[in-house]
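Enquirer: next one to model:
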Amino acid sequence: MLNDLTSNTQVYLVTGYSDLRRGIDGLAAIVQSQLRLDPFCKALFLFCGRRCDRIKGLLWEGDGFLLLYKRLDNGRFQWPRNETEALLLSPQQKRWLLEGLKIEQPKAIREGKPGALY
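Expert: The predicted structure follows:
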């Protein structure tokens with residue numbers, strides 16, 4: 001399901017540790033009060049607990065919330081653990097995350113800057 005999201009759906013990664021015992025209302029409250037974002041926008045918010053082998057996703061579908069839960073059988077997510085903030089992920093970063101890689105790859109080729117001539 002997470003790999004099948006349309007390209008126009010924004011994906012926000014909520015950094016830090018989240019209490020995965022929370023349900024839809026608790027996660028929506030985090031998005032609204034702590035992150036100052038609208039939980040009713042067309043975006044997927046991803047949360048991760050301390051064990052790093054499971055994530056929860058919160059997505060508004062227009063008529064209600066969809067709560068996604070994924071547990072890895074083998075491996076861990078490389079989740080940023082700095083202060084709680086929401087990072088807007090690019091499609092490339094989303095793919096890296098779901099493949100078990102860090103969302104910042106130091107050896108990845110960066111996007112060029114227009115007008116930079118050598």
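Enquirer: just the CA atoms of the lowest-mean-pLDDT helix or strand in the chain, as CSV, please.
Expert: Taking all helices and strands of the chain together, the one with the lowest average confidence (mean pLDDT, DSSP states H and E) is helix 91-98, at a mean of 84. The C-alpha trace of helix 91-98 is given here as CSV (Å, rounded to 0.1, in the frame of the first residue of the first chain):
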residue,chain,number,x,y,z
PRO,A,91,9.6,10.2,-4.0
GLN,A,92,13.3,9.1,-3.9
GLN,A,93,13.5,9.5,-0.1
LYS,A,94,10.2,7.6,0.4
ARG,A,95,11.7,4.7,-1.7
TRP,A,96,14.9,4.8,0.3
LEU,A,97,13.0,4.7,3.6
LEU,A,98,10.8,1.8,2.6
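Enquirer: what's it packed up against?
Expert: The elements that helix 91-98 packs onto, with contact taken as 3 or more CB pairs under 8 Å, 6 or more residues apart in numbering; DSSP states H and E, are strand 10-14. Where you see a C-beta, it was placed from the backbone N, CA and C, and this is true even at glycine.
Enquirer: so what's the most centrally placed residue in the chain up against?
Expert: For the chain, the residue sitting closest to the mean C-alpha position, by CA atoms, centre = their mean, is residue 13 at 2.7 Å. By CB atoms under 8 Å, 6 or more residues apart in numbering, the contact list for residue 13 reads 46, 79-80, 86-87, 89, 93, 97, 103.
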